[in-house]
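J.: got a sequence here, can you build the structure:
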Amino acid sequence: MGSTKLEALVPLLPSFALFTVLSLIIPRGLIPACASTLEAQGLLKWKSSLQNQSQSTSSLSSWTLPPQNATDSNSMAVNPCGWYGISCNLARSVIGINLTSSNIRGTLSEFPFSSLPRLTYIDLYMNELFGYLSPEVCLLTNLAYLDLSFNRLSGIIPREIGKLAKLEVLHLFSNELNGSIPDEIGQLPLLKELVLFANQLDGSLPSSLGNLSSLARLYIHNNSFSGSIPLEIGNLTNLEEIHMANNFLTGPIPPTFGKLMKLTELRACHNELTGSIPPELGNLKLLQRLRLYHNNLTGSIPSTLGNLTELYLLFIYENQLSGSIPDELGNLQAMVDLELSLNQLTGPIPPSLGNLTVLQHLILRANQLSGSIPGSLGSLRAMVTLYLDTNELTGPIPFSFSNWTDLLNLSLSNNQLSGRLPIEGFSNTSLSVIRLSNNKFEGPLPLPSPSTYYYSVAFNNIEGKISSSMCIATNLLFLILSNNSLTGSLPECLSNGSIGLWILNLGMNRLSGTIPGRFSLQSSLRTLDLSQNQFEGTLPRSLVNCKSLEVLDCSNNKIEDNFPAWLGTLPELKVLILRSNNFKGHLDFPRVAQLFPKLRILDLSDNYFAGTLPANLIAKLQGMMNAQVGQEPQDKSLYMRRTFGKVSYEDSGKVIMKGNEIQLVRILTIFTTLDLSHNFFEGNIPDVFGLLHSLIGLNLSHNHLMGSIPPTLGNLTNLEWLDLSSNKLSGTIPRELGDLAFLGYLNLSKNQLTGRIPQDKQLSTFTSDSYRGNLGLYGIPLQNTPPPPPPSFFQEDSTKEYASWFDRKAMGIGYASGIVIGISIAYISRETGRPKWLASKMRKMEARGAKWMKKTKRKAIKFHGGR
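T.: Residues are numbered from 1 along each chain as shown. Predicted coordinates:
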């Protein structure tokens, strides 16, 4: 049985002790048995109905009748008192059955309820019983203890169970029971424990539960109960523990709970409770554990909770509580774990919390707390976890962490804290997790503890160099220093495998020099983000040793290199961003079976790549193609996330999305884009782009691509944006693009496309901005009309298109100016005949001009293939 099950059973140990006492008083098999044949036959009939008890090695192998020739009628073998799991009283009647964990498989349909009138104890815990619980259970009128938990019983709880007037313990947890709790359960005046958790019970809780005046433990969690909590439960003055978590209960917490003076634990978390926390709970002077988290509770935290001097655990996080934290919580001298996070609490952190000298966990994150961190918290030497992140706290950290020798988890991120971090850093602490990101801290970078495995100071004003002493943290897995003002080079120890880094994020700093070239085979790197720095040189080929690498972002640097095709051998690489560097050359790839098998984001934009688009690469990008039908996706998580213990890191990055640069705070695992824009690619767009069915975004803009748009792009049914602008594409727009139902952004502007714009399906939704700059395009949404046919008087042959074009351009230009002048001069010469020299000169010029035009026209026709 797992640890979770053991924890669930710990509170039930007093009840299990009941049978132990009975067993000590009446040990099994030591009293001569003369039990009735009716009892034995009934038990044997039930045994014969079970599925796995016919073998001699079964747990019930001792359940047999004596041989027919036996002469000793007083032998133990003639009655069940000597059988495994059976206990009898002095009158040799069966009073107890204990078959816990006996590998019994079958039903209770043949159980001899009517043959065991003196039975007081049944324990069939943790077997393989199935079927339903028979209403005949009511025939066991002397039954005090019934445990059928950890089986597979189904059906409803029979109403007849209310007739077991002597029942003290009812355990039916971890089955498949359904329906509601019968009202008749309130007819059990001696019941001390009602344990029904981990079933499929539903409906509302019966008010008759308020009649169980002896009840000490009510465990109904992990079901589907709905409706409000009956006020009558407040009448159960003997109640010590209430577990009703993980249901669908609504309405307020009854103020009548304030009468449960013996209550030590109230667990009503993971419901849909509303209203405020009743101040009456402050009357429960014995209360030790109060769990009300993950509800819809509103209002303020009642100051009366400060009266609960025995309370050591208070979980009221994930509600909608407002107002300030009461000073009176500083009176909870026994408090060990105080968690108020994910509410709407305002105001300062009370300095009185510094009185909680045994406090180990203080979690106030994700509220609207303001002001400074009280210096009194520095006296809490037992502190293990301090989470104050995601508030509006200001000012410096008022204490030294070196005094907190037990502190393991520190989170102050997402505030407005300022000042310089401790000069000694955290090197003298035992901190495992340090989160200081998104604040206004300044000064040099503090060193982590040697025990630290998560260290984040991103989005601050930290400056100076990264010391090689950073690597004293040999357990470091997550190092997140992005968005600061760090300078200098990258310490080689962060790349050579001397520490087992998973995440190294140094983006958005001022780091320079070359990237260290000693990434070892022992590297555990999953994410390497060096973006937006000033790194120079080439990408180190030793990166090929990082076999676990999933994200490589070197964008916005000064790296000068050819395309690193050797990265294609990395089996886990999903994101490759090399945008805005000085990469150059053709995208040449080795002819291997697989390249970049899991790549989903490829951004090579704003570089100097040239040549044709690499069809042999595109055809191998399996990560951008749909999985086969029926094949389960390997990564079922929503975001690209790395988790260790209770901390996690979510990959982020910048992409050009729908024409705008967007910062992805988290990257969806299904996010698939290809960006080759702002380069010098030429030639046609390969048809194989149509194989990348998972693509959400495709950007080939600002290149020198020619030819037509391939209709195969219509196969990219997940595409949300397509940018082919600022190229030299020609021909018509393929109607197949209209089939892209999710396409929300289309940019075909500044090309040489011609013809009518198709109005099919999705293509009819775009504005003129998607098409402008194509002189040959016409139709909605453009305002222009089809280009007019060429004037007929410039054509000698209607089939000589290019000759006609030359006529219009060359002859038109000459005649436009010549006609006006020529006609005027010719008119004057013809009318006057003077001057004679001018008239003669004009005739010669006209003859030469006509001859030249004829000759040039013939050459143009020959060049363009006219006949």
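J.: spit out the contact partners of the residue lying closest to residue 469 once chain neighbours are set aside.
T.: Of all residues not flanking residue 469 in the chain, residue 447 sits nearest, at 5.7 Å (Cβ to Cβ, 6 or more residues apart in numbering). (C-beta placed from N, C-alpha, C; glycine too.) The contact partners of residue 447, taken as Cβ atoms under 8 Å, 6 or more residues apart in numbering, are 425, 426, 427, 467, 469, 470, 472, 473.
J.: what residues does the third one make contact with?
T.: Yep, that's residue 427 we're talking about. Residue 427 touches 447, 448, 449, 450, 472, counting by Cβ under 8 Å, 6+ apart.
J.: sorry, back to before: name the SS class of the residue nearest to residue 469, please.
T.: Here residue 447 takes the coil state, with states given by DSSP: H, G, I helix; E, B strand; the rest coil.
J.: pLDDT score for it?
T.: On pLDDT, residue 447 comes in at 92.
J.: likewise residue 26?
T.: pLDDT for residue 26: 40.
J.: now residue 298: how far from residue 416?
T.: Residue 298 sits 27 Å away from residue 416, going by Cβ to Cβ, to the nearest Å.
J.: do the same with residue 584
T.: Per Cβ to Cβ, residue 584 is found 44 Å from residue 416.
J.: pretty sure residue 755 contacts residue 732?
T.: Yes: contact criterion Cβ atoms under 8 Å: residue 755 and residue 732 qualify, at 3.8 Å.
J.: dump the residue contacts of the residue positioned nearest the centre of the chain.
T.: The chain has residue 638 as the residue nearest its centroid, 4.5 Å off, counting by Cα atoms, centre = their mean. Neighbouring residues of residue 638 by Cβ under 8 Å, 6+ apart: 668, 669.
J.: check what pLDDT it gets.
T.: 85.
J.: residue 616 too?
T.: pLDDT, residue 616: 86.
J.: again with residue 779
T.: pLDDT, read off for residue 779, is 88.
J.: for it, grab the count of nearby residues.
T.: 16 (other Cβ atoms under 10 Å).
J.: is it true that it touches residue 756?
T.: Yes: the criterion here is Cβ under 8 Å, and residue 779 meets it with residue 756 at 4.3 Å.
J.: doesn't residue 266 belong to a helix?
T.: No: under three-state DSSP, residue 266 sits outside any helix and is assigned strand.
J.: residues contacting it?
T.: 242, 257, 281, 284, 287, 289, 290, 291, 292.
J.: can I get those in JSON lines with pLDDT, secondary structure and distance to residue 136?
T.: Below are the contacts of residue 266 laid out as JSON lines (pLDDT from 0 to 100; DSSP: H, G, I helix; E, B strand; the rest coil; distance: Cβ to Cβ, whole Å):
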{"residue": "242", "pLDDT": "98", "secondary structure": "strand", "distance to residue 136": "31"}
{"residue": "257", "pLDDT": "97", "secondary structure": "helix", "distance to residue 136": "37"}
{"residue": "281", "pLDDT": "97", "secondary structure": "helix", "distance to residue 136": "43"}
{"residue": "284", "pLDDT": "97", "secondary structure": "coil", "distance to residue 136": "41"}
{"residue": "287", "pLDDT": "98", "secondary structure": "coil", "distance to residue 136": "41"}
{"residue": "289", "pLDDT": "98", "secondary structure": "strand", "distance to residue 136": "39"}
{"residue": "290", "pLDDT": "98", "secondary structure": "strand", "distance to residue 136": "42"}
{"residue": "291", "pLDDT": "98", "secondary structure": "strand", "distance to residue 136": "39"}
{"residue": "292", "pLDDT": "98", "secondary structure": "coil", "distance to residue 136": "41"}
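J.: reformat these into JSON lines and put neighbour count next to each item.
T.: Converted to JSON lines, these look like this (neighbours: other Cβ atoms under 10 Å):
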{"residue": "242", "neighbour count": "23"}
{"residue": "257", "neighbour count": "23"}
{"residue": "281", "neighbour count": "23"}
{"residue": "284", "neighbour count": "24"}
{"residue": "287", "neighbour count": "26"}
{"residue": "289", "neighbour count": "17"}
{"residue": "290", "neighbour count": "23"}
{"residue": "291", "neighbour count": "19"}
{"residue": "292", "neighbour count": "24"}
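J.: so where's the chain uncertain?
T.: 1-36, 56, 67-78, 423, 590, 592-593, 627-636, 787-867 (pLDDT under 70).
J.: can you map out the helices along it?
T.: According to DSSP state H, the chain carries its helices in the segments 3-9, 13-25, 37-49, 615-618, 801-806, 812-832, 836-863.
J.: which stretches of the stretch 151-300 of the chain form strands?
T.: 152-155, 169-171, 176-179, 193-195, 200-204, 217-219, 224-228, 241-243, 248-251, 265-267, 272-273, 289-291 (DSSP state E, counting those that start in this stretch).
J.: sorry, that was for the stretch 551-700 of the chain
T.: Using DSSP E, counting those that start in this stretch, strands in the stretch 551-700 of the chain cover 551-553, 575-577, 584-586, 601-603, 608-612, 641-644, 647-650, 653-657, 660-664, 673-675, 680-683, 697-699.
J.: same thing with the stretch 351-500 of the chain?
T.: So, for the stretch 351-500 of the chain - with DSSP E, counting those that start in this stretch - the strands run 361-363, 368-371, 385-387, 392-395, 409-411, 416-420, 433-435, 440-443, 454-456, 461-465, 478-480, 485-487.
J.: now tabulate those strands in a markdown table and tack on distance to residue 536 and mean neighbour count.
T.: Output for those, formatted as a markdown table (distance: least, Cβ to Cβ, whole Å; neighbours: other Cβ atoms under 10 Å):
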| stretch | distance to residue 536 | mean neighbour count |
| --- | --- | --- |
| strand 361-363 | 45 | 20 |
| strand 368-371 | 45 | 16 |
| strand 385-387 | 41 | 21 |
| strand 392-395 | 40 | 16 |
| strand 409-411 | 36 | 22 |
| strand 416-420 | 31 | 16 |
| strand 433-435 | 31 | 24 |
| strand 440-443 | 28 | 16 |
| strand 454-456 | 27 | 25 |
| strand 461-465 | 17 | 16 |
| strand 478-480 | 22 | 23 |
| strand 485-487 | 14 | 17 |
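J.: no further queries at this time; thank you.
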